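1. need coordinates for the following:
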Amino acid sequence: MGRWLFPILSPYMLAAACAMNAAGQSASHALVDVSIIDGTGSPAVDHQTILISDGRITGIGPSNVIEVPAAATVHDLAGRYVVPGFIDLHVHFPSDSTVHQAMLDRLLEYGVTTLLNPGARPNAGVALRTRIESGELLGPRMRTAGPIIDNAPVESGLAGWSVGVTSEAEIRREVRRQADLGVDWIKLYRRLPPDLVAAAIDEAHQLGLPVVGHMGETTWGQAARAGIDMLVHSGWGTPMDEVVNLKDPSAATVREWYHAYADATNGTRLQQLAETLGANQVTVVPTLSITQASGLGADGTLLPEFRVDLAPDTLVSDAVDWWSPGWRERHPQYDPDSDEEAELLSTVYFPGVLAIVRRYYEMGIVVGVGTDVGNSWMTPGFVYHHELGLYQDAGIPPLQILKMATYNGALALGMLADVGSIAVGKRADLVVLAQDPSSDIRRAREIEMVFLDGRVVGTKR
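-> Numbers count the residues shown, from 1 in each chain. The predicted model follows:
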């Protein structure tokens, strides 16, 4: 990843971008002689020109045919590849508003132009979305849930950004309260039983709000049949016995359980779950990076892969709810019972996670990309590309990973009419790459330019 011609934090650039936001318009641009990978899973189309005006794509065609308006700023990008802006479906922000701009900058730098905040800390949900939409802050377009809803009493670590309920009446009332505050999504958490999950989904859907769940007490299958819209995480803290090929998972030894989990793709339980997810049109967001970090983070061995040194300086502190000392040491969520389990996590469990995610893809489940920024080692922006690399490690083709990162994300958010692919009429959220990512998704981090709503928000030196 190269450095930028203008630091995205620069007062001049931020003021200019905010002024354009306020005006609702941006300059015209022509991206000339590019190869377009449109986000639908189709291969690159070479020697194309993209025209941008007033924040939208106004023309696409062969460079030797399309007419470039005289007023357009021309970018000669021969040999470059243009993809839709990336969509991160799992980003949490700290409650400290003084660090929000630095974090938004990093996300833009790495090509994230749309995000979902599935569970908001105070001042970092609807309030943050409003600051971005008004132009006060420059950042990706944002959709957000409110505080997560869980069974009472809430966990101590979630105090301040979760709400505990104990009955159907209470959870319906909380969903209505959040709807009145202007949330885009409802977030349900892992200690809620199936009856309360079903009641919350019913209430949210009556209000026109989709629901995302980090399940536990309620299985994925139960949540899917209740109509949940999105399920997050792929293991380690989510219900996994549902796919294990054991008659009684609770009676199995540690070794038996992990090997059965790794063998899940060969059994009927995962097949049945995937069919349920597909039939109910549930989007799955595996968050492989946090799964890897929390499952294998016994010490700092994996830490260099997550490049925590790239975190904005304003975020690196000993803040209780953010960049704790765990960033430099073992992952704080890592807690194996024995050396044997540590070995099984590395050699059996995580390969099993990758195999299950590949099976979801093979069975046609809508898979979206999310990172769980806000947790240890999840470096804003950079970890998104680490996440994409893990999809490739799972055996998913790069063009399909790009579709998951763009088209599928927009589909899940109900924003496909505006973003998620490159087409005339859509918002000009675009990422210019130095190399072709269709043979290696890790090339998607070689970013030269980022356009947000037709505005250049980053340029490589």
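2. tabulate the CA atom coordinates of the helix or strand harbouring residue 132 in CSV.
-> Residue 132 belongs to helix 126-134 when elements are defined using DSSP states H and E. Coordinates of each C-alpha in helix 126-134 appear next as CSV, following Å, rounded to 0.1, in the frame of the first residue of the first chain:
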residue,chain,number,x,y,z
VAL,A,126,-27.0,7.7,14.6
ALA,A,127,-25.1,10.7,15.8
LEU,A,128,-21.9,9.8,13.8
ARG,A,129,-24.0,8.9,10.7
THR,A,130,-25.6,12.3,10.9
ARG,A,131,-22.2,14.1,11.2
ILE,A,132,-21.0,12.2,8.0
GLU,A,133,-24.2,12.9,6.1
SER,A,134,-24.1,16.6,7.0
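3. off-centre distance for it?
-> Distance of helix 126-134 from the chain centroid (C-alpha atoms, centre = their mean, to the nearest Å) equals 19 Å.
4. which neighbouring elements make contact with whatever helix or strand comes next after it?
-> Beyond helix 126-134 in the direction of the C-terminus, DSSP H and E gives the next helix or strand as strand 141-144. The contact analysis (3 or more C-beta pairs under 8 Å, 6 or more residues apart in numbering; DSSP states H and E) places strand 141-144 against strand 112-117, helix 126-134. No exception for glycine: its C-beta is placed from N, CA and C like everyone else's.
5. now the angle from the shortest one to helix 126-134?
-> Counting by axes from the mean of the first three to the mean of the last three C-alpha atoms, to 10 degrees, strand 112-117 points 160 degrees away from the direction of helix 126-134.
6. thinking again about what came up before, deepest of the helices and strands packed on strand 141-144, which one?
-> Mean neighbour count (mean count of other C-beta atoms under 10 Å) peaks for strand 112-117 among these, with a mean of 28.
7. so how far is it off the chain centroid?
-> 7 Å.
8. that strand pairs with which strands, and in what direction?
-> For strand 112-117, the pairing partners within the sheet under DSSP bridges are strand 86-88 (parallel), strand 141-144 (parallel).
9. deepest of those strands, which one?
-> In terms of average neighbour count - mean count of other C-beta under 10 Å - the standout among the strands paired with strand 112-117 is strand 86-88, at a mean of 30.
10. what does that one contact?
-> The contact list for strand 86-88 (C-beta atoms under 8 Å, 6 or more residues apart in numbering) reads 107, 110-116, 140, 368-371, 373, 384, 405-406, 409-410, 413, 419-420, 431, 444.
11. ok, now stretch 228-236?
-> Under the criterion C-beta under 8 Å, 6+ apart, residues 89-90, 118, 188, 197, 201, 210-215, 220, 223-224, 238, 261, 277, 280-288, 290-291, 294-295, 333, 349, 353, 356-357, 368, 370, 372, 412 lie in contact with stretch 228-236.
12. make it 6 Å
-> Among residues not part of stretch 228-236, those counted as contacts by C-beta atoms under 6 Å, 6 or more residues apart in numbering are 90, 201, 210-214, 220, 282-287, 291, 294-295, 353, 357.
13. what's the answer for stretch 339-358, then?
-> Against stretch 339-358 from outside (C-beta under 6 Å, 6+ apart): 234-235, 254, 258, 261-262, 264-265, 286, 291, 295-296, 298, 336, 394-395.
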